[in-house]
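Asker: model the structure of this input:
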Amino acid sequence: MSTESSGRKALIFTENDQEVGHLGVDGSVTSERIDLSTEIWHRKGTNVESIKLRVWMPETATESPAEVAVVSPVEGDSSPPPSIALYTPDQVPGTVIEITDLDDLADETISTLNLIVIPGSQAATRLTIHAIIELSGGTLSSNYTLDGELQLTYPELTDK
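Answerer: Okay, the predicted model is just below:
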């Protein structure tokens, strides 16, 4: 994991000391919400098959869950937009965003997925993102599952 600030981090995935991919998240507080922009980079020669992000605020995940919205869906240059599902899973906290059928985006860096998170309580300042990114291709193996979790903090939420 790489940390630039408490609200800006990257989850870096490696194999044999070589970076396979990363999920970068840059968030800022506006009014009483967190605006998040993401970047998914992957090694040349691999393709993104699917993206699954689970987003929640641990302090209030069960009694007052945060609201999560997709602002700018992932979109390619010439193909139809990918399939996006947004739902609340059973048995685990948070909101899940699943993206499949990436078509011409599969071999690119994906930097067009922006989210808004509205905390369920003024006490909530920590944000967790669990990411599962499925890649295919590559020279060392045929498939990769990038699986990890980012913890971000936004203490300025309590200043509102």
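Asker: alpha carbons only for contacts and neighbour counts from here, please
Answerer: OK.
Asker: in contact with the spatially closest residue to K52 that is not a sequence neighbour, which residues are there?
Answerer: Excluding the flanking residues, the one nearest K52 by Cα to Cα, 6 or more residues apart in numbering is E98, at 4.4 Å. Residues in contact with E98 (Cα atoms under 8 Å, 6 or more residues apart in numbering) are 50-53, 83-86.
Asker: low-confidence stretches in the chain?
Answerer: 1-4, 61, 72-77, 138-142, 159-160 (pLDDT under 70).
Asker: so the closest residue to A123 other than its chain neighbours, which state does it fall into?
Answerer: Excluding its sequence neighbours, the residue lying closest to A123 (Cα to Cα, 6+ apart) is T158, at 6.6 Å. Under DSSP: H, G, I helix; E, B strand; the rest coil, T158 falls in the helix class.
Asker: ok, T158 touching R126?
Answerer: No: because the distance of 11.0 Å does not satisfy Cα atoms under 8 Å, T158 is recorded as not touching R126.
Asker: comparing these two, which residue is more hemmed in?
Answerer: Shown here are T158 and R126; by other Cα atoms under 10 Å, R126 has more neighbours (19 against 12).
Asker: with V48 as the reference, measure out to that one.
Answerer: For R126, the distance to V48 equals 28 Å [Cα to Cα, to the nearest Å].
Asker: got it, and A124?
Answerer: 32 Å.
Asker: give me the more crowded residue out of these two.
Answerer: V48 (27 against 22).
Asker: that one and G137 touch, don't they?
Answerer: No: counting by Cα under 8 Å, V48 does not reach G137; the two are 9.2 Å apart.
Asker: just grab the bridge partners of the nearest residue to M57 once chain neighbours are set aside for me.
Answerer: Among residues not flanking M57 along the chain, L127 sits closest, at 4.6 Å (Cα to Cα, 6+ apart). For L127, the beta-bridge partners under DSSP bridges are L152.
Asker: same for the strand or helix carrying L36, what does it pack against?
Answerer: For L36, the element it lies in under DSSP states H and E is strand 33-42. With contacts taken as 3 or more Cα pairs under 8 Å, 6 or more residues apart in numbering; DSSP states H and E, strand 33-42 sits against strand 18-30, strand 114-118.
Asker: please repeat the previous calculation with a cut-off of 10 Å.
Answerer: Contacts defined by 3 or more Cα pairs under 10 Å, 6 or more residues apart in numbering; DSSP states H and E place strand 33-42 against strand 8-15, strand 18-30, strand 46-56, strand 67-72, strand 114-118, strand 126-137.
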